[in-house]
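# Got a predicted structure here, sequence first:
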Amino acid sequence: MRVSVVLCEHTLDRYDAVSEAARSVLDQTYEDVELVFVSDGNPDVLERFEADFGDYETVVTHCNDENRGLLVSRNNGATAASGDVVAFIDDDAVAHPEWIERLVEAYAEHDAIAAGGRMDPIWVDGEARFLPEEHWYLIGATYKGFGEGRDQPAEVRNTNGSNISFNRDVFLDLEGFDDEIGGRKGDKNLQGGETELCARMQAEYGQGVRYVPDAEVGHKVFAYRTEPKWLLDRAFWQGYSKRGMQQFVPGSAEEEGDFLGKILGEFVPQRLWGLVRDPDAVAAKQLVWLVLLTGVVGLGYLYGIVKWG
């Protein structure tokens, strides 16, 4: 089974990060891996990448005719790929050496049509200890309360877009990601390309994504992503996106509703009881931020109701 990993980039400003991501893909323990690199309308990025990685027989490159955005770039990468499975990783991520090997096992053992793994934070400028793990999705990491548990294999609606893969025939049959999510179907703040695609996959094929917690990818968390203003802004637009996606994908908010129930009925009481038994300043900050960020997500959702109805 050949696996094609699609990696996209649009600017030389992020070249060091994207080259590290590329090397993590090329250094996989699984042998039959193809790396498909897509430059999003920037010939300079393509030229530099080909200079560094052009000697690899398993590297395929493509350059969009203009800057088209991540979803179009990913779809173009999947079209250029030759693998039985097409996987996606972001330019600021680093794959575990056994990432692909463990995803392939999910396809073989569970007859999966899509599989993804856990995202772990790589704290570039020090860990944000005040940030509760329940809201790690804001920094692109798998959060506490995901699925049946971050360490529990399961079938889920979707995994993080930087650690997800599909049977390529299924992906192409579904015509890939809906690249108009940020245009006709909303605006630049509407997120959730993998959510929408996986909802269509569930409706068409009756299967979700096989979650493989051991198929790990690290996501770099730069300093700006841990600033309170950035986190609050991100939380608001996350809530907005959840409402927006609910309009286009009926039932897509079911997992979010279950997660909110876990926060209010399980995680907040657990944290309160923990503070009663063992007062701790960091734990207290995390509780405050858990409540605050949950509230801001709710505000974004309400704003989405106003805009989307």
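Received the coordinates, thanks.
# I'd assumed residue 260 was in a helix, is it?
Yes. The assignment for residue 260 (DSSP: H, G, I helix; E, B strand; the rest coil) places it in a helix.
# From residue 273, how far out is the closest residue in space to it that isn't next to it in sequence?
The spatially closest residue to residue 260, leaving aside those adjacent along the chain, is residue 294, at 7.4 Å (Cβ to Cβ, 6 or more residues apart in numbering). All C-beta atoms are positioned from the backbone trio N, CA, C, and that covers glycine. Remark: distance between residue 294 and residue 273 (Cβ to Cβ, to the nearest Å) = 18 Å.
# okay, these two: which has more neighbours?
When residue 294 and residue 273 are compared for neighbours, residue 294 comes out ahead with 20 against 10, by other Cβ atoms under 10 Å.
# For my notes, confirm the more buried one occurs in a helix.
Yes. Checked against three-state DSSP, residue 294 lies within a helix.
# my guess is it contacts residue 259, does it?
No. At 9.8 Å, residue 294 does not count as touching residue 259 under the criterion of Cβ atoms under 8 Å.
# Tell me who's in contact with the residue nearest to residue 260.
Residue 294 sits next to 135, 260, 263-264 when contact means Cβ atoms under 8 Å, 6 or more residues apart in numbering.
# Mind checking which of these land in helices?
Using DSSP state H, residue 260 are the members of the contacts of residue 294 that sit in helices.
# Report the buried members of the contacts of residue 294.
135, 260, 263 (16 or more other Cβ atoms under 10 Å).
# Check the gap between the last one and residue 132 for me.
Right, residue 263. For residue 263, the distance to residue 132 - Cβ to Cβ - is 9 Å.
# circling back to that earlier point, point out the least confident one among the buried ones among the contacts of residue 294.
Looking at the buried ones among the contacts of residue 294 by pLDDT, the weakest one is residue 260, with 85.
# how far away is that one from residue 94?
Where residue 94 is concerned, residue 260 sits at a distance of 31 Å (Cβ to Cβ).
# now residue 85
Distance of residue 85 to residue 94, given as Cβ to Cβ: 20 Å.
# which stretch of helix or strand covers the closest residue to residue 79 other than its chain neighbours?
Nearest non-adjacent residue to residue 79, counting by Cβ to Cβ, 6+ apart: residue 172, 7.5 Å away. Applying DSSP states H and E as the criterion places residue 172 in helix 168-173.
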